[in-house]
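Visitor: Take a look and give me a structure for this.
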Amino acid sequence: MRNDMLLQPWRRFVPFAVLTLAFSLAFADDKPATNNAPPKGFTALFNGKDFTGWHGMPHQDPYKLAALPEADRKAQIEKWNDDLKKHWKVENGEIVNDGNGVYLTTDKEFGDIELLIDYKMYPKGDSGIYLKATPQVQIWDYTKEGGKWNLGADKGSGGLWNNSPGAPGKDPLELADKPFGEWNHFRILMLGDRVTVHLNGKLVVKHARLENFWKRGLPLPVKGPIQLQTHGSEIRWRNVYVREIPGDEANKLLREMSDKKGYRKVFNGEDFTGWAGPVENYEVKDGSIVCKPRKGGTIHTKEEYGDFAARLEFKLPKNGNNGLAIRYPGSGDTAYAGMCELQVLDDAYKGIDPRQAHGSAYGMVAAQRGYQRPIGEWNYQEVTVKGSKIKVELNGCVILDCDLSKVDKFMANSPHPGKDRTSGHFGFAGHNDPVAFRNIEIKRLDAK
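Guide: Numbering: from 1, shown residues only. Take a look at the predicted model:
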C-alpha cells in the first residue's frame with residue numbers, strides 16, 4: 001500500500017521432503033479404518049452411538065443462515081433437529097438414513113482438512129458430502145439401472161458434481177465405486193477451495209477448485225460444516241474421521257499439488273544475486289527476503305517477464321504493508337508506473353479503500369478479504385498474469401480475478417498509466433515494515 005494513502009488509525013516446521021513423502025505414503029496405504037478407531041492425528045466425528053456433535057440442516061444457503069438473528073437461527077436448527085430424528089438413526093455403530101429429511105451436519109466448522117469416511121450405497125441412490133456447507137463430493141448409483149447416466153452417474157462417484165460443466169473436478173478421473181452391498185472409502189483433502197478425492201484408493205479428483213454454489217465467482221467461506229446428504233435412497237456411513245491441517249503443512253501441500261512444470265527459483269535464499277533496486281533496504285534472513293524496518297522501495301528481478309505465473313510465501317507483522325511489483329519498468333512507483341502493485345497487507349488493517357486490501361490491484365480492483373492466515377504465520381500465494389488479466393490465489397482461494405484493460409475508475413481519481421504494460425520486472429514494493437518473502441518461483445507463460 002502507498003504510504004500516502006494509508007489512513008491512520010502456525011507451527012513447527014516440517015521439512016518439505018518429509019512432508020511430501022508422508023502425504024504420498026498416506027494416500028498409497030488408503031485403507032478404511034475399522035471399529036471407529038481413528039488413525040493417529042485424526043478425530044472421530046461420529047462416536048458410534050448417537051449424534052453428539054451433529055445437527056440437522058437441509059440444502060441451505062449458509063450466508064442466509066448466518067444473517068439470521070441468533071434466536072431465529074437457533075429456532076430454525078431446532079426444527080431441523082426434529083426432522084433429523086425422523087429419518088436418521090444409529091444401528092450397529094453405523095449412521096443410517098432412510099433417504100429422506102435434512103442432512104446430518106457437524107456442529108463444528110472446518111477449514112483445511114483431511115477427511116476419512118466410509119459409506120454404503122443402495123440401488124438408485126443419490127447422495128454426497130457437502131464441504132463448508134457447499135455441494136458436493138458426489139455419491140450415487142453408477143449403474144445404468146440407477147437411471148442417472150444422463151447426469152453423469154456412469155462416470156462414478158467422487159466428482160465435484162455442482163461445478164460448472166467442463167470445470168476440473170466435475171467428473172471423476174475414473175470409476176472407482178465398489179459393487180452394491182460393499183463399503184466404499186473416501187479420503188478427501190481440502191485446502192482452501194482446492195479439493196482432492198481418493199475413492200477406494202484411487203485418485204478421482206486432483207486439486208480441483210470446489211466452486212461456490214451459493215455465490216458463484218467468489219471463494220468459499222474460510223470455514224464451514226461438513227454435511228452428509230440424503231437423496232431418495234437408504235445410505236449408511238461409518239468411520240467418520242477428520243484431521244485439521246495446520247498452515248505450514250497446507251502451504252507445502254498447495255505448492256506440491258499445483259502444476260510444478262516450468263517454475264524457476266528467482267531468489268537463492270542467500271543473497272540478492274539476480275536482483276536490482278535499493279537492495280540495501282532489505283536483508284536476507286533465514287532464507288527469506290525481509291524489508292528492513294523504516295526502509296522500503298521497490299527491489300526487482302533483473303529479468304523481465306511478459307505473461308508469467310509466480311508463487312511464493314509471505315509473512316506479515318501486525319499492520320504489515322508491502323506489495324508485489326508486476327511488470328515494473330525499473331523506476332518510479334510500481335502501483336502507477338508498473339502494470340500494478342498487488343497489495344500485500346494485513347487483512348485486519350482498518351480504514352482503507354477496498355482497492356487497498358491484500359491481493360488487490362492497488363487502487364484499481366479490490367480483492368476478497370479474510371483469507372490470510374493469522375499474523376506471524378506464512379501464507380502461500382500464486383499469481384497468474386496473462387495479457388491484461390491477473391489472478392491471485394491465496395492459501396488455495398482465488399481472491400482476485402480481473403482484467404485491468406476494463407478498469408476506468410481509480411482510487412482518488414489517480415491515473416495508472418502503466419496498467420497496460422505488456423512486460424516488466426517482478427519485485428517487492430516495501431513500505432517500512434518487516435514483511436518477509438520466501439520460496440519465490442516464476443514460470444514464463446509467453447513464448448520467450
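
Visitor: Run through the protein and note the low-pLDDT ranges.
Guide: 1-35, 447-448 (pLDDT under 70).

Visitor: let's see 50
Guide: 1-29 (pLDDT under 50).

Visitor: tell me the helices in it, going along the chain?
Guide: Listed in chain order, the helices of the chain (DSSP state H) span 16-28, 62-67, 70-87, 247-257, 334-337.

Visitor: need the contact list for the residue nearest the centre of the chain.
Guide: The centroid of the chain falls nearest to residue 192 when counting by Cα atoms, centre = their mean (1.8 Å). Residues counted as contacts of residue 192 (Cβ atoms under 8 Å, 6 or more residues apart in numbering) are 112, 219-220, 250, 254, 371, 393-397. Where C-beta positions appear, they are placed from N, C-alpha and C, glycine not excepted.

Visitor: Same check on residue 304?
Guide: 423-425.

Visitor: Can I get the buried part of the residues you listed as one PyMOL selection?
Guide: Of the contacts of residue 304, the buried ones go into a single PyMOL selection, burial set by 16 or more other Cβ atoms under 10 Å:
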select buried, resi 424+425
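
Visitor: what would the helices of the chain look like in CSV with mean neighbour count and distance to residue 289?
Guide: Listed next are the helices of the chain as CSV, based on neighbours: other Cβ atoms under 10 Å; distance: least, Cβ to Cβ, whole Å:
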stretch, mean neighbour count, distance to residue 289
helix 16-28, 13, 19
helix 62-67, 13, 38
helix 70-87, 13, 46
helix 247-257, 21, 17
helix 334-337, 24, 16
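
Visitor: burial count for the closest residue to residue 254 other than its chain neighbours?
Guide: Residue nearest to residue 254 in three dimensions, not counting chain neighbours: residue 380, with 4.9 Å by Cβ to Cβ, 6 or more residues apart in numbering. The local packing of residue 380 (other Cβ atoms under 10 Å) involves 25 other residues.

Visitor: Repeat that for the one 10 residues further on.
Guide: Counted with other Cβ under 10 Å, the neighbours of residue 390 add up to 22.

Visitor: What residues are bridge-paired with it?
Guide: residue 385, residue 402 (DSSP bridges).

Visitor: Which residue is the nearest non-sequential neighbour of residue 223?
Guide: That would be residue 109: by Cβ to Cβ, 6+ apart, it lies 4.1 Å from residue 223.

Visitor: actually residue 300, sorry about that
Guide: residue 427 is the one closest to residue 300 (Cβ to Cβ, 6+ apart), at 3.0 Å.

Visitor: Spit out the contact partners of the one you found.
Guide: So residue 427 contacts 275, 277, 298-301, 324-325, 328, 334 (Cβ under 8 Å, 6+ apart).

Visitor: and what of residue 271?
Guide: Counting by Cβ under 8 Å, 6+ apart, the residues that residue 271 touches are residue 284.

Visitor: give me phi/psi at the residue nearest to the centre of the chain?
Guide: With angles defined as degrees, to the nearest 10, residue 192 sits at phi 60, psi -120.

Visitor: How about the contacts made by the nearest residue to it once chain neighbours are set aside?
Guide: Once flanking residues are discounted, residue 192 sits nearest to residue 396: 2.0 Å by Cβ to Cβ, 6+ apart. Counting by Cβ under 8 Å, 6+ apart, residue 396 makes contact with 112, 191-194, 250, 254, 380.

Visitor: Now the two most distant members of those residues.
Guide: For the contacts of residue 396, the farthest-apart pair by Cβ to Cβ is 193 and 380; their separation is 13.2 Å.

Visitor: can you give me the offset of stretch 367-375 from its chain's centre?
Guide: The chain centroid and the centroid of stretch 367-375 are separated by 11 Å, computed with Cα atoms, centre = their mean, to the nearest Å.

Visitor: So what would you say the end-to-end distance of that stretch is?
Guide: Stretch 367-375 stretches 19 Å from its first residue to its last (Cα to Cα, to the nearest Å).

Visitor: mind listing what's buried in that stretch?
Guide: Within stretch 367-375, the residues that count as buried by 16+ other Cβ under 10 Å are 367-369, 371-373.

Visitor: distance between the ends of stretch 255-264?
Guide: 13 Å.

Visitor: do the same with stretch 217-226
Guide: Start-to-end, stretch 217-226 (Cα to Cα) is 21 Å.

Visitor: what's in contact with that stretch?
Guide: For stretch 217-226, contacts defined as Cβ under 8 Å, 6+ apart pick out 45, 57, 62, 105-111, 115, 129-134, 192-193, 210, 212, 242, 368, 370-371, 397-399, 401.

Visitor: Just the buried ones from the residues you listed?
Guide: Among the contacts of stretch 217-226, those classed as buried by 16+ other Cβ under 10 Å are 45, 57, 62, 105-106, 110-111, 115, 129-134, 192-193, 210, 212, 242, 368, 371, 397-399.

Visitor: Compute the distance between residue 146 and residue 339, please.
Guide: Distance from residue 146 to residue 339, counting by Cβ to Cβ, to the nearest Å: 51 Å.

Visitor: Comparing those two, which shows the higher neighbour count?
Guide: Per other Cβ under 10 Å, whichever of residue 146 and residue 339 has more neighbours is residue 339, with 25 against 19.
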